[in-house]
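Participant: Test case, fold it:
(chains A and B)
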Amino acid sequence: MHANITLGQFLPGNSAVHRLDPRTKILLMIVYIVIVFLVKTLYVFALPTLLLVLMFALARVPGSYFFSSLKPMRWLLIFMFLINLFATSGTTVLFRWHFIKITQEALLQAVFFTLRLVLLVAGTSVLTLTTSPIALTDGLEKLLSPLRRLHFPAHELAMMMTIALRFIPTLMEETDRIQKAQMARGADFESGNIIQRAKSMIPILVPLFVSAFRRADELAMAMESRCYHGGEGRTRMRELHLHIGDLYAAVVFTLFTAGIVLLEKLPL
Amino acid sequence: MPILIQQLSHTYLPGSALAYPALSGIDFSIEAGEFLGVIGHTGSGKSTLIQHFNGLLLPTSGSVLVDGLDTREKKLRRQIRSLVGMVFQYPEYQLFEETVEKDVGFGPKNMGLDEDEIHERVFEALSLVGLPPEQFAENSPFELSGGEKRRAALAGILAMRPKYLVLDEPMAGLDPRGRAEILSLVESLRKNNGTCIVMVSHSMDDVAMYSDRIAVLSGGKLAMLGTPEEVFSRGSELLEMGLNLPQATRLVRALRERGVTVGRDYYRMDELEEELIRRYGHAR
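Facilitator: Model prediction:
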């Protein structure tokens, strides 16, 4: 039942984008988000759009992933578009029917906000498409490690994220199994009102929690018996290294940022 | 009335890139009151097959009829699930209630029985599995030992008084005594109540000992179906499928290789023991 749920959306590959250091990718993604918000005029969106196309092309991600990354957001996108379309006031009326009025300003604003959201979602999906969850947490740990001086538990946080990610598929399987076992005992999860349905989840949730605690216990034991004691002095099997590609990527993003700032400042 | 499995095929995630045919063209029937052993290598489709018997999985093509009731019929599913009791691997992980009594009563309650009937069935089931109700009914299921939990979970299925009892590796992870207890319980259910038993197991000895018939699955197909004699006489084929042979059969093979005469093939240790003593006992 849950076998079709893939964790995250990582698309294994060996493209230029895949090979970038996860730290670079996380930082550049933050830059990307900032520059999308820097854009104030519609036509300047050409630059982040170009950047997005470039990222997809270099990552060798099929274009279909562009749409599938937007799919979970489709209702929000449609809702945003419609709200902006009908609720923005303006002077140049394009269309009028009874009380419904669409103005040119509203249309532009609707397109503007929708485009911004599309660029944000699709752009950030490049990060998750090309970076494995493990690499992502590794990168995050490294980026946050300077905060250790302030007693911020960077390593522990990354370890918790890794473990959480690791257990999602396991718990899904477990849920499926418990659900089937209870269904075999005549449990019904499909009928009844919302309260009855919520109640019918108890036979699944209780065993699921019990087994999650059991697994956590076993994992803790296994980690301790292998002398795990946190991040202090711990080396890694795969060290993160910055390569020349990371420099190129940073340069490209800097150029785009500069371009956008310039275009926004220019009195066109 | 039997469970009829007709041209059953099952594909996981049909139509997607991950489509995986788990069963194809399975065709046989399970007679009321028989003990059917199901064996097969990991991934041969055993678990997929048995989940069709009570409509937890539905055929991609073909059909499964339980006493003439089609599992694809949504309205019949509740009735089918009370006819076919299913004990999954590690059933103790399905316990959830505050007391053993409530947990065992979960199935009967879902069947819509009244309080008195549920109470009676719960006490009967608990006694059957060897957990005296006076002692265990009010305990939390989470306080029981591993073996007791397993038996409490089993009682939860038995309280539904299924006509067919399907067990997926019921002895996994139990010590020898626990295994023997479960096996003798299952065997007594069949003797006393005429319950049909379908048991998936990796232990060839258990299957050889108790089964009337054995179904051998390999690569999602029904490779063999017959009495233990018939199935285990085709030892080389079983070994090729990555399956083992019962200890007695292996011993007969080993003895023959060393030139010891054994009357026929054996698959039960107790019978072989008798034969060997009869034949060679006097020579001591």
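Participant: Just the closest residue of the stretch 151-268 of chain A to chain B, please.
Facilitator: Residue nearest to chain B within the stretch 151-268 of chain A: residue A:186 (3.1 Å; C-beta to the nearest C-beta). Heads up, the C-betas are built off the backbone N, CA and C, glycines and all.
Participant: Give the helix, strand or coil label for that residue.
Facilitator: Following DSSP: H, G, I helix; E, B strand; the rest coil, we place residue A:186 in the coil state.
Participant: swap in residue A:75?
Facilitator: Following three-state DSSP, the label given to residue A:75 is helix.
Participant: Per-residue pLDDT of it, please?
Facilitator: Looking at residue A:75, its pLDDT stands at 91.
Participant: Please tell me how far it sits from chain B.
Facilitator: Using C-beta to the nearest C-beta, to the nearest Å, residue A:75 is found at 24 Å from chain B.
Participant: Listing request: residues of chain A with sub-threshold pLDDT.
Facilitator: Where chain A drops to pLDDT under 70, the residues are A:1-9, A:267-268.
Participant: now the residue in it sticking out farthest from the centre: how far from residue A:90?
Facilitator: Centroid-distance maximum for chain A: residue A:98 at 41.7 Å, with C-alpha atoms, centre = their mean. Between residue A:98 and residue A:90 the computed distance is 18 Å (C-beta to C-beta, to the nearest Å).
Participant: Show me where chain B has its strands.
Facilitator: All strands of chain B, identified by DSSP state E, fall at B:3-12, B:20-30, B:35-40, B:61-66, B:69-70, B:84-87, B:164-168, B:196-200, B:213-218, B:221-226.
Participant: List the strands paired with the first one, with their directions.
Facilitator: So that's strand B:3-12. Strand B:3-12 pairs in its sheet with strand B:20-30 (antiparallel), strand B:61-66 (antiparallel), by DSSP bridges.
Participant: quick one: contacts of that strand?
Facilitator: The contact list for strand B:3-12, computed with C-beta atoms under 8 Å, 6 or more residues apart in numbering or on different chains, reads A:3, B:18-30, B:45, B:48-49, B:52-53, B:57, B:59-67, B:84, B:164.
Participant: In CSV, list the C-alpha atoms belonging to that strand.
Facilitator: What follows is strand B:3-12, C-alpha atoms only, in CSV (Å, rounded to 0.1, in the frame of the first residue of the first chain):
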residue,chain,number,x,y,z
ILE,B,3,-11.3,-21.8,-0.5
LEU,B,4,-11.1,-21.8,-4.2
ILE,B,5,-8.2,-20.0,-5.8
GLN,B,6,-8.7,-19.6,-9.5
GLN,B,7,-6.1,-18.4,-11.9
LEU,B,8,-4.9,-15.9,-9.3
SER,B,9,-2.3,-13.4,-10.3
HIS,B,10,-1.2,-10.4,-8.3
THR,B,11,1.0,-7.5,-9.4
TYR,B,12,2.2,-4.9,-7.0
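Participant: what's the model's confidence in that strand, averaged?
Facilitator: So the average pLDDT for strand B:3-12 ends up being 92.
Participant: got it, and the shortest one?
Facilitator: Strand B:69-70 shows an average pLDDT of 92 in the prediction.
Participant: Counting by contacts, list what it packs against.
Facilitator: With contacts taken as 3 or more C-beta pairs under 8 Å, 6 or more residues apart in numbering or on different chains; DSSP states H and E, strand B:69-70 sits against helix B:77-83.
Participant: now for the helix it packs on, which elements pack on it?
Facilitator: Using 3+ C-beta pairs under 8 Å, 6+ apart, helix B:77-83 sits against strand B:69-70.
Participant: What strands line up against the strand it packs on, and which way round?
Facilitator: With DSSP bridges as the test, strand B:69-70 pairs up with strand B:61-66 (antiparallel).
Participant: End to end on stretch A:143-156, go ahead and measure it.
Facilitator: Stretch A:143-156 stretches 13 Å from its first residue to its last (C-alpha to C-alpha, to the nearest Å).
Participant: Next, the buried residues of stretch B:124-140.
Facilitator: For stretch B:124-140, a neighbour-count test (16 or more other C-beta atoms under 10 Å in any protein chain shown) marks B:125-126, B:128-131, B:133, B:136-137, B:139 as buried.
Participant: meant to ask about stretch B:231-246
Facilitator: Buried positions in stretch B:231-246, judged by neighbour count with 16+ other C-beta under 10 Å: B:231-232, B:235, B:238, B:241, B:243-246.
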